[in-house]
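Undergrad: Just a sequence and a predicted model for now, questions to come.
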Amino acid sequence: MLRIKRVPTVLSNYQKEEAEEAGAAGGCGRNCMRDCCLPGAKLPLYAFRNSDKVESSDKKEPPFAFLDSLLLGEWEDRVERGLFRYDVTACETKVIPGDYGFVAQLNEGRHLKKRPTEFRVDKVLQPFDGSKFNFTKVGQEEVLFQFESSEDDEVKFYPNAPINVERSPSVVAINVSPIEYGHVLLIPRILECLPQRIDHKSFLLALHMAIEAKNPYFRLGYNSLGAFATINHLHFQAYYLAVPFPIEKAPTRKITEFKGGVVISEILKYPVRGLVFEGGYSVEDLSNAVSDSCICLQDNNIPYNVLISDSGRRVFLLPQCYAEKQALGEVSSELLDTQVNPAVWEISGHMVLKRKEDYNGASQEKAWRLLAEVSLSQERFQEVIVIIFEAITCAVISESEGLGEEEEEERDVEDVDEVRDGIMVVAQECLVQH
Amino acid sequence: MEQQPMDTSFEQSINNRYSFWVREALDELPHSFTITDPSISGHPIVFASREFLKMSGYSREEVIGKNGRMFQGIRTNRRSVMEIREAIREERSIQVSLLNYHKNGTPFWILFHMFPVFSKEDGRVIHFVGVQVPIMPKPRRSGSEFSRIEVNLYENGAGFRDTVLGFCRREVCSDTVAELGRISNLDQVLSADTELTDTACKASDLEKRRANTAMSNILSMLTHYSESMGRLVSDKRCCPHNMSRVGASLNISLGRIKQSFVLTDPHKSDIPIVYASDAFLELTGYSRHEVLGRNSRFLSGKETDVSTHLQITNSIQTGKPCTVCILNYRKDGSPFWNSLHISPVRNSSGKIAYFVEVQMDLNCGRHENQNVGPEIRQLSVVGAVKVAVRSSGMIATTSDS
């Protein structure tokens, strides 16, 4: 069994040391999200439009950014109510010189007052354990709103909706240790107490949240167990950072086109190897391709991180092995000393540093060196691609099969014609020159 | 409804800077280009050349006031779009291949060359010019039947010969990797013989030259017509950025926020307004130049309770947010009850850089049918401003270094 010791991040003000937690069971009275406190409780409810077309080219100016506004407003309200452990906007931050623009933040307060805890890192899927901290234990004041799919084709908002236990609401809650402004947790069907494990329905919900926010600087992330998730209760994270992430700047090479028009590419010239999913004729197409891949990884016990970027148009999938290396003692002490846990945000290029000297000395090379440790080796990555593609049943087109790829493109063109409602369209046709 | 004063502001954007015949002169240039104004909310197109309209299939009325993203479509490379967005934020020029869409839905490849035009007097970005050079199809070496695809247009087919390009060659690595050496000096991580993103189409040197020629022609035209107005423009930032207002990149981010608010600078004497939103101008009836540089107390009048000013001053001195209800006056003298929320806004160094003041007209029932409560809407402005200011500082740090 592989374990690492690390200081867990405090996501909720109700997250106590485990020992304390056990003692605190029983009489609640703290307005939590469990049966004891839910009767009569109300929260705003945002229901997103359930349309199946990917918004590709906004020919019209997007309507009022409703979710964006709700989220920012409710979050700022919690700032003014003093629910956060620190003011993240008072933490110094900078773009590190270099072409990729890695982002560093000095956050000396995030990990104080916590002793290291042991985490098992060799099992991506572990059963939910109700005796440990989970999000049903957060206070209702930490929950911003309920988030669900609308019954019809319209955005609905109810400022004061009862929490319907039977309907098992998905909720958005604050992270009391934010790493940037607007840091929240999306907890799908919170009352079902799902373990940290991607399923189709939950990933689709996360993708919808990225789309609804209509803001390319609001991204969602996911960490599997073994890839630096600290709480085994299904959740996605999200926050605002209005600069591009280095991973978004990395070039990509198309590997294949999956059913539903989803294009799967490989990330190039980036320290962490991974896949990018984009396109798709509907949100579900893109969502299913990603979910299928995630499910395959977790079923094969491969830890991974997911980044949903560009308002839900691009999804990065990154299998990783840092925790495993760390448990096996294969990570240099120099890297370990920085105490950077390479979860989805770090892998995407946003580094939260705890020591002033690391912040002052931050460089692209150092960030690169750390992330290179996170990545699978080229051989292992190719193996993993094969595992994923076998699972999601689509053929890998090797680089040498240029002609085959061209046919792929041809088909593409026809598909594009179909979606465009029979309008005669000549899509771009790219020819190979060798 | 929200856009009533806009038509004139698009006109003004050009008229304020350049003398009378500039439109005619620009239209005579054989180039396809648009001019956009980052200081107007939504960063709209304020001028589109005749050649551009021909190439895109839209009428002038259909594009003026719109954002350039209206020409993008499902197959447009998202990374290229991101690169353009970042170039705007960093106020620099960019040259990138882009798949645009004609009004009739036909996609075509262009070399998009965008550059900022600075004001000589204060170094601010006045406009961005986006030149669009069509990328010519390259005959395929093997000479197969795919080498040319006839473009079949069902409407006004003539005149598009140059511009509607159904295809281009697939991107092949070698020469582009050289370009990417700029992106990473760590290329050894991956072997160089990989193909780049298949959706990118590369411009030839000829097309790049055409873009550069267009740029210098347009610039000399703009410079000439700005000279006679005595408000010279330039392609380079000539003087250190005057911080009496906020920079163009912050301006663009703030322009996305539709509610009424101002930013004030507590580090300047008498805490002047350095940014005012369109909705603020609409609410108060003032124009932007009448507002910038003044302390926001000019909205007060004879019936305004002096003690509320003390509360505001106190909030600013202690760096704490506060909400007050204050009687303010519009330019026409009509009073309104303003529920004013004030909050400090920190920059990327974590220091207070501005105060944001968000106004809410208490008598105005306009927001009633919007379900997010007025207080949350007001706080959402604070949040959006905090995100914009924090991030814009991070960028500035890089360009300084």
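TA: Yes, it's here.

Undergrad: do the helix or strand hosting residue B:355 and chain A meet?
TA: In the assignment (DSSP states H and E), residue B:355 maps to strand B:352-358. No - Strand B:352-358 stays clear of chain A (Cβ under 8 Å from any Cβ of the partner chain), getting no nearer than 9.1 Å. Where C-beta positions appear, they are placed from N, C-alpha and C, glycine not excepted.

Undergrad: How about residues contacting that strand?
TA: B:259-267, B:271, B:274, B:296, B:315-316, B:319, B:340-347, B:378, B:381-382, B:385-386, B:389, B:393 (Cβ atoms under 8 Å, 6 or more residues apart in numbering or on different chains).

Undergrad: Going by neighbour count, which residues in that strand are buried?
TA: Using 16 or more other Cβ atoms under 10 Å in any protein chain shown as the burial criterion, the residues of strand B:352-358 that qualify are B:353-358.

Undergrad: can you redo the residues you listed as JSON lines with pLDDT?
TA: Conversion of the buried residues of strand B:352-358 to JSON lines gives the following (pLDDT from 0 to 100):
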{"residue": "B:353", "pLDDT": "95"}
{"residue": "B:354", "pLDDT": "96"}
{"residue": "B:355", "pLDDT": "97"}
{"residue": "B:356", "pLDDT": "98"}
{"residue": "B:357", "pLDDT": "97"}
{"residue": "B:358", "pLDDT": "97"}
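
Undergrad: Output those residues in CSV; the columns should cover distance to residue A:302.
TA: Shown next, in CSV, are the buried residues of strand B:352-358 (distance: Cβ to Cβ, whole Å):
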residue, distance to residue A:302
B:353, 44
B:354, 46
B:355, 49
B:356, 46
B:357, 51
B:358, 47
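
Undergrad: between those, which is nearest residue A:79?
TA: residue B:356 (13.1 Å; Cβ to Cβ).

Undergrad: And what about the residue nearest to residue B:44 when sequence neighbours are not counted, helix, strand or coil?
TA: Among residues not flanking residue B:44 along the chain, residue B:65 sits closest, at 4.8 Å (Cβ to Cβ, 6 or more residues apart in numbering or on different chains). Following DSSP: H, G, I helix; E, B strand; the rest coil, residue B:65 is assigned to coil.

Undergrad: Residue B:65 and residue B:10 touch, don't they?
TA: Yes - between residue B:65 and residue B:10 a contact is recorded at 5.5 Å, counting by Cβ atoms under 8 Å.

Undergrad: any residues in contact with both of these two?
TA: B:44, B:46.

Undergrad: ok, back up a step: state the number of residues packed around the residue nearest to residue B:44.
TA: By the measure other Cβ atoms under 10 Å in any protein chain shown, the count of residues near residue B:65 is 17.

Undergrad: Could you list the low-pLDDT ranges of the stretch 101-250 of chain B?
TA: B:137-200, B:238-245 (pLDDT under 70).

Undergrad: how does it look with 50?
TA: Counting by pLDDT under 50, the stretch 101-250 of chain B shows low-confidence ranges at B:140-199, B:241-243.

Undergrad: which stretches of it form helices?
TA: B:173-180, B:205-227, B:248-255 (DSSP state H, counting those that start in this stretch).

Undergrad: Dump the ones you listed to JSON lines, plus distance to residue A:266 and mean neighbour count.
TA: Output for the helices of the stretch 101-250 of chain B, formatted as JSON lines (distance: least, Cβ to Cβ, whole Å; neighbours: other Cβ atoms under 10 Å in any protein chain shown):
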{"stretch": "helix B:173-180", "distance to residue A:266": "13", "mean neighbour count": "14"}
{"stretch": "helix B:205-227", "distance to residue A:266": "28", "mean neighbour count": "16"}
{"stretch": "helix B:248-255", "distance to residue A:266": "32", "mean neighbour count": "22"}
